[in-house]
Every structure is written in structure tokens, then in C-alpha cells.
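# any chance you can model this:
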Amino acid sequence: MSATEVLSALDRIHGTVSVIGSMNADYTVTAQRLPGPGETITGGPLQLLPGGKSGNQAAAAARIGATVQMFGAVGSDNNADFLLGALGEAGVNTTHVRRVLGPSGTTVITVDAHGENTIVYSPGSNAQVTVNYVESVRDALTHSTVLGLCLESPIETVTAAARMCHAAGVKVLLNDSPFTPSLPAELIEASDILLVNEHEMAQLLGIDEPENDDWDSFDWWHALDELRGFGFEQAIVTLGGDGSVVLDGTADDPEHRVQRIAPVRVKAVDTTGCGDSFMGTVLAGLTSGLALSESAELASYVSAYAATGYGAQASYGNAAQIREAFASAE
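Just a heads-up that it's a prediction; the model follows:
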């Protein structure tokens, strides 16, 4: 489909998304290349940008039109107001975010001339998002169609939120990132859709990766069988600059059970937060009644747009900006 056809889905974004998890202040510096072990290199000016995987996902979904509630914790430092202000500017409801003593979550990010990055994460207040907190916001948390989860919060908290929302009929989308190969059985059972990249999928399912990274010739039907045996009927596997693959064991038509989503080519300047914008777009699509494949197609454009700007949330566009960017390209 053309960009115009795919992006027409932005007209149908509505509904409510809940996201529980991390908010981080991203200390970001650009350099010509990434340093090696023990090496010091000179970079550009240090920037403070809003981030955190969950905060990014919430901001991305809100910017393209979804109604989004953020749940989590910020600290007692100046970064707390900075993070909440950025989410509010993106249109995210932060009423239920808790303030705790100590530093907010932070990351230290280095970006090279090709847009690749390295990230060091310090949880801070994110480590204080407890099961008791999840229980305290039960009514608000379950007042949505879709829940977005990643693993920058304590695993017992993520599992409790998934179980609570799944029992209430909320669709749960789990992003296994930062990656862990040992997901609790209770979390798998309570999650409806998995989002991982190709390397994470192979490691999670115990599948050999193709030689020379040739994912075009990879047996995706075998991956779907292994995924279903693992406990997930639906998944999106992202392939970086090569698009994504939707695996849907619930599709009535066998042709729709494995769908390759084409990449959207742009001149990337910073890939920080692109995966989170992809996840946020899928959340917005699912809450709006879009099919999983439609949501992934839309997410390809939204995340490609994010790669053309610096930072995570700072690079996310609204529906009008994304349309304009790809209309001119088309």
C-alpha cells in the first residue's frame, strides 16, 4: 500500500491506552563514533531529553491521537517535573503517577554519526513501582482497552498489572525489553501479544538465527509454531531497518498468519526511542480496532519519522507532521 493509504489509519485513532512502567531523564551526547572499552572520545553538547521506554510508548500513542494514561513513579528531583511536563505536553494523562523520595530514572546515551546508540540505564524511582501501587490504581488502570508493558519495572509488578488487566478484559501487549529470556509463566499467560526484535525472538524460542542475517529466507511458519508452543498466539517481530513480521495464530485465513511488513526508508539521524514509538503506535492501533498487521504497518511510518529527529519523545511527530513528511516523499 502507498504511504497515503497506510497513514489514513491515523483518522481512525481513538480509544484509551494504559501504560505502566518507566520514565527516564535521558542524558544524551552525540559523537562521530561510539567509544571502545576504556576509550575516551570527544562528543557534542550534552542534552537532557525526556525518555524511558514506557514514557516513550505513552507519548507516541498520545501524539497520534489515542487517549493515554501513564502509571509509574518519578523521584523527588528536578527531573520529575521535567518528565511529567514532557508527557503532559504530548497529551498523556499523568494523574496517577506517584512521586517517591530519591532520583528519577535516568539513562546515559551516546549516539554516533550513523544514528546508532549505546544506553546505560539507572532505574531510580522506576524500581519503586510496586505491586501495592498497582493494586492502588486498579480502577484507573483497567479503564482502557489496551495495556502496554515493558520490563524496565520490577518483574513482579509487570506480572501483577498484566494479570489484573487481562482478568478485566483489557488486551495486554508485552514488549520483552530490556530483554529477558525467562519470562514468568503467569506473565506469559496474562499477555495477549508479544513484541520483540528478531534476535530476541530467536533467543526466547530457542531458534537458530539464519546465516548472514538472511531473515527473508527464514522459516517464519516454524517460528509461529514455536511461539504458540511458548504461550503466545500473536506477536510482532521487528527487523530494524528491514521492517517487521506479524505472527498471528488467531487469523482465520492461513495467509494472514504470517505477514511481512515492508520497511519505511528514511535518512536516520538517531534511532533512540524508535522501537518505543513503534510499540506506542501499535497500542494506539489496537485500542482503535485496527488489525495487528494494520497497526504494524502504521507503526513502520511513525517509527521511521522518529528516526529523523534527535532523542526519543523529542523526535515523535503528531498525525499531521507524519502525514506531511511522507506525503512529500511519496
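# what helix or strand is Gln29 on?
One thing to correct before we go on: residue 29 is Val, not Gln. strand 24-30 (DSSP states H and E).
# in that strand, what counts as buried?
Buried residues in strand 24-30, counted by 16 or more other C-beta atoms under 10 Å: 24-28, 30. C-beta here means a position set from N, CA and C on the backbone, and glycine is covered the same way.
# in this structure, which spans are helices?
3-7, 53-63, 78-90, 131-136, 138-141, 155-167, 185-190, 198-205, 220-230, 274-287, 292-306, 319-329 (DSSP state H).
# weakest of those helices in terms of mean pLDDT?
In terms of mean pLDDT, the lowest-scoring of the helices of the chain is helix 319-329 (a mean of 88).
# only C-alpha atoms, please: export it in PDB.
C-alpha atoms of helix 319-329 as PDB (Å, rounded to 0.1, in the frame of the first residue of the first chain):
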ATOM      1  CA  ALA A 319      -0.500  12.800  12.900                       C
ATOM      2  CA  ALA A 320      -0.300  15.900  10.800                       C
ATOM      3  CA  GLN A 321       3.500  16.100  10.900                       C
ATOM      4  CA  ILE A 322       3.900  12.400  10.000                       C
ATOM      5  CA  ARG A 323       1.400  12.700   7.100                       C
ATOM      6  CA  GLU A 324       3.200  15.800   5.800                       C
ATOM      7  CA  ALA A 325       6.600  14.100   6.000                       C
ATOM      8  CA  PHE A 326       5.600  11.100   3.900                       C
ATOM      9  CA  ALA A 327       3.300  12.800   1.500                       C
ATOM     10  CA  SER A 328       6.100  14.900   0.200                       C
ATOM     11  CA  ALA A 329       8.300  11.800   0.000                       C
END
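# quick one, what contacts the closest residue to Glu135 other than its chain neighbours?
The shortest distance from Glu135 to any non-neighbouring residue, by C-beta to C-beta, 6 or more residues apart in numbering, is to Ala160 (7.6 Å). Counting by C-beta atoms under 8 Å, 6 or more residues apart in numbering, Ala160 touches 131, 134-135.
# so what would you say the end-to-end distance of stretch 41-60 is?
By C-alpha to C-alpha, to the nearest Å, the extent of stretch 41-60 from end to end equals 33 Å.
# may I see the buried residues of it?
Going by 16+ other C-beta under 10 Å, stretch 41-60 has these buried residues: 49-60.
# do stretch 254-272 as well
257-261, 263-264, 266, 268, 270-272.
# just put those in a markdown table and tack on pLDDT.
Formatted as a markdown table, the buried residues of stretch 254-272 follow (pLDDT from 0 to 100):
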| residue | pLDDT |
| --- | --- |
| Arg257 | 97 |
| Val258 | 97 |
| Gln259 | 97 |
| Arg260 | 96 |
| Ile261 | 96 |
| Pro263 | 91 |
| Val264 | 94 |
| Val266 | 91 |
| Ala268 | 88 |
| Asp270 | 85 |
| Thr271 | 85 |
| Thr272 | 84 |
